[in-house]
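1. Got a predicted structure here, sequence first:
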Amino acid sequence: MGLNHQVKAYSDEVFSQVLRIGDQLVLVKVMSQGTVQYPELRVEYSSNQPITTKTRLMAQRVVEYVFNLNFDLSKFYRSVENDAVMLQVSRCLYGFKYPTTPSVFESLVDSIVEQQISIKVARTIEERLALKFGDKLMVDDVEYYAFPTPQNIVARSIGDIQGCGLSQRKAEYIFGVARMIVEGELDLEEMKNCQDIPSVIGVLDGIKGVGIWTAELTVFRGMQRLEVLPADDFGIRRAVSKYYCGGKLIKGAETREIAKLWGKWQGLAAFYLLAAEFLGITV
């Protein structure tokens, strides 16, 4: 096997991910060369096919989307100026942008995998899914893997999915979603254009094995809807409580009430708290 066996990885200050650009797989490597005040990224593209100007431009747009490069954080920062806690947290994390998955399908599959298990275990399973079902790209004698497409999934069996470390139910849920897409019953990418977010969440919630938490998480990180708050997420409730409730156990409804402080950027603000907790930031 090659040296890199992940859909995406961050190592030695280089982020790498295989993107599907049309019918072509392109390995993208992103490196930071700027500062917090003056950010600058260097991006390298590699493929086993010629990279045309059109392909490079398409890949650049995907990179901009994944890293939310066109999102103006000043709008978010202005919206939390009257919240002393979030104001301090945002200053400590100035410039932090939560990434978006290249496809909604990737976000939905990841969210199903992550149901009721630790992120560490989930990441291992997601890596196995890529190795087992994703298309391979060879670059400089190293193997890189793209995230599986719905077609990749339905070409195999539920048992194959389960073999990646998932329960039979989760394997069935993932296979079911992939089948719906392949058979034309579900168009996740088209949902990005819908402005009625509660309706989108409702449609996703109606899919077997999804539920509100999975739907909200999918919409937040797969559709770039930074206003959506997965309030029932244990990690988010823990982080919100740490900074606003003295660490006591709180429920989703209490989390949503506190989140009103953050205006229409509730999801983004919640993930700022998760990042602050991870980094040990105190206020």
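-> That came through fine. Here the structure is a predicted model, which means the values were calculated and not measured. Residues are numbered from 1 along each chain as shown.

2. Spit out the contact partners of the residue lying closest to E172 once chain neighbours are set aside.
-> Excluding its sequence neighbours, the residue lying closest to E172 (Cβ to Cβ, 6 or more residues apart in numbering) is I158, at 5.6 Å. Quick note: C-beta positions are derived from backbone N, CA and C, even for glycine. Residues in contact with I158, defined by Cβ atoms under 8 Å, 6 or more residues apart in numbering, are 168, 171-172, 175.

3. What's the ChimeraX line that selects buried ones from those?
-> Applying 16 or more other Cβ atoms under 10 Å to the contacts of I158, the buried members can be selected in ChimeraX as follows:
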select :171,172,175
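
4. Other residues contacting the helix or strand harbouring F175?
-> Taking DSSP states H and E as the criterion, F175 maps to helix 168-182. Applying Cβ under 8 Å, 6+ apart, the contact partners of helix 168-182 are 105, 108-109, 112-113, 115, 150-151, 153-154, 157-159, 161-162, 166, 186-188, 207-210.

5. For the stretch 101-250 of the chain, which residues score under the pLDDT cut-off?
-> Of all residues in the stretch 101-250 of the chain, none has pLDDT under 70.

6. Please, where are all the strands along it?
-> 136-139, 142-145 (DSSP state E, counting those that start in this stretch).

7. shouldn't T55 be in contact with L25?
-> No - look at T55 against L25 with Cβ atoms under 8 Å: they stay out of range, at 10.6 Å.

8. More neighbours: which of those two?
-> More neighbours surround L25 than the other of T55 and L25, with 22 against 17 (other Cβ atoms under 10 Å).

9. Tell me if I am right that the more buried one is in a helix.
-> No - under DSSP: H, G, I helix; E, B strand; the rest coil, L25 falls outside any helix and is assigned strand.

10. so it sits right up against D135, yeah?
-> Yes - with contact defined as Cβ under 8 Å, L25 reaches D135; the gap is 6.1 Å.

11. one step back: give me the common contacts of T55 and L25.
-> S47.

12. Can you flag which of the contacts of helix 168-182 belong to helices?
-> 105, 108-109, 112-113, 150-151, 153-154, 158-159, 161-162 (DSSP state H).

13. Relative to S90, which of those residues is nearest.
-> L108 (28.8 Å; Cβ to Cβ).

14. what sits against the closest one?
-> 177, 188, 204, 210, 214, 218, 222.

15. who wins for neighbours among these?
-> Top of the contacts of L108 by neighbour count (other Cβ under 10 Å): T218, with 30 neighbours.

16. Report the separation between that residue and D141.
-> 36 Å (Cβ to Cβ, to the nearest Å).

17. same check, this time on V62
-> Remark: distance between V62 and D141 (Cβ to Cβ) = 25 Å.

18. These two: who's more crowded?
-> Taking other Cβ under 10 Å, V62 and D141 do not tie; V62 has more neighbours (18 against 7).

19. show me the contacts for that one.
-> Going by Cβ under 8 Å, 6+ apart, V62 touches 19, 21, 28, 102.

20. On the strand side of things, show who the second one bridges to.
-> For I21, the beta-bridge partners under DSSP bridges are Q24.

21. Contact partners for E81?
-> Taking Cβ under 8 Å, 6+ apart, one finds L87 in contact with E81.
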